[in-house]
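In: build me a model:
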Amino acid sequence: MTTTRTGYAIIATGGKQYWVTPGAVFSVEKLEGEAGSELTLTDVLAVHDGKRLALGRPQVAGAKVVCQIVKQGRDRKVVSFKYKRREGFHWKKGHRQSITTLKVLDLVPPPVSSPKAMSAGGGMVADGQ
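Out: Numbers count the residues shown, from 1 in each chain. Model prediction:
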């Protein structure tokens, strides 16, 4: 298993996609786990290790992103307000989404193999800069 400290990955979690690099800190919808514990995200859509770009169809087989849970918390309050003039109608509700803050420790690209085997696994590999 080859790990890298450069490059980037595009991951999907909570119905959203995130572009992450090693050392990046970002917030996602709540994931189970305690602060300080490690979490492995395997829903990797694309990964670039500095030399190769692996694209998934839809996921890259064998690629993963290793993260550390920084904290569990709640996002800012979102207020929904409806009002109809001259009707005496107003409606106000607030919502705070539970979030998990993650720090990317490492990007693990897919194992090096032939492009033919890679496409059979659901992705393609392109060599580049």
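In: and the residue of the chain most remote from its centre, how close does it get to residue 92?
Out: Going by CA atoms, centre = their mean, the residue of the chain most distant from its centre is residue 86, 46.5 Å out. Noted for residue 86: a distance of 18 Å to residue 92, by CB to CB, to the nearest Å. Quick note: C-beta positions are derived from backbone N, CA and C, even for glycine.
In: repeat that for residue 39.
Out: For residue 39, the distance to residue 92 - CB to CB - is 36 Å.
In: next: residue 20.
Out: 36 Å.
In: and these two? Which one has more around it.
Out: Set residue 20 next to residue 92 and count neighbours by other CB atoms under 10 Å: residue 20 wins out with 21 against 9.
In: give me the neighbour count for the residue nearest to the more buried one when sequence neighbours are not counted.
Out: Among residues not flanking residue 20 along the chain, residue 104 sits closest, at 5.0 Å (CB to CB, 6 or more residues apart in numbering). Residue 104 has 21 neighbouring residues, counting by other CB under 10 Å.
In: wasn't residue 104 part of a strand?
Out: Yes: per DSSP: H, G, I helix; E, B strand; the rest coil, residue 104 lies within a strand segment.
In: correct me, but it touches residue 65?
Out: Yes: using CB atoms under 8 Å, residue 104 is in contact with residue 65, at 6.2 Å.
In: quick one on the thing from earlier: what about the residue farthest from the centre of the chain, which SS state?
Out: coil.
In: and it, what does it touch?
Out: Under the criterion of CB atoms under 8 Å, 6 or more residues apart in numbering, the contact list for residue 86 is empty.
In: how close does it sit to residue 70?
Out: Taking CB to CB, one finds residue 86 at 49 Å from residue 70.
In: repeat for residue 46
Out: The value you get for residue 46 to residue 70, if CB to CB is used, is 24 Å.
In: who's more crowded, these two?
Out: Between residue 46 and residue 70, counted using other CB under 10 Å, the more crowded position is residue 46 (18 against 15).
In: the more buried one - that's part of a helix, no?
Out: No: per three-state DSSP, residue 46 lies outside any helix segment and is strand.
In: leaving out chain neighbours, which residue sits closest to it?
Out: Per CB to CB, 6+ apart, closest to residue 46 is residue 10, 4.4 Å.
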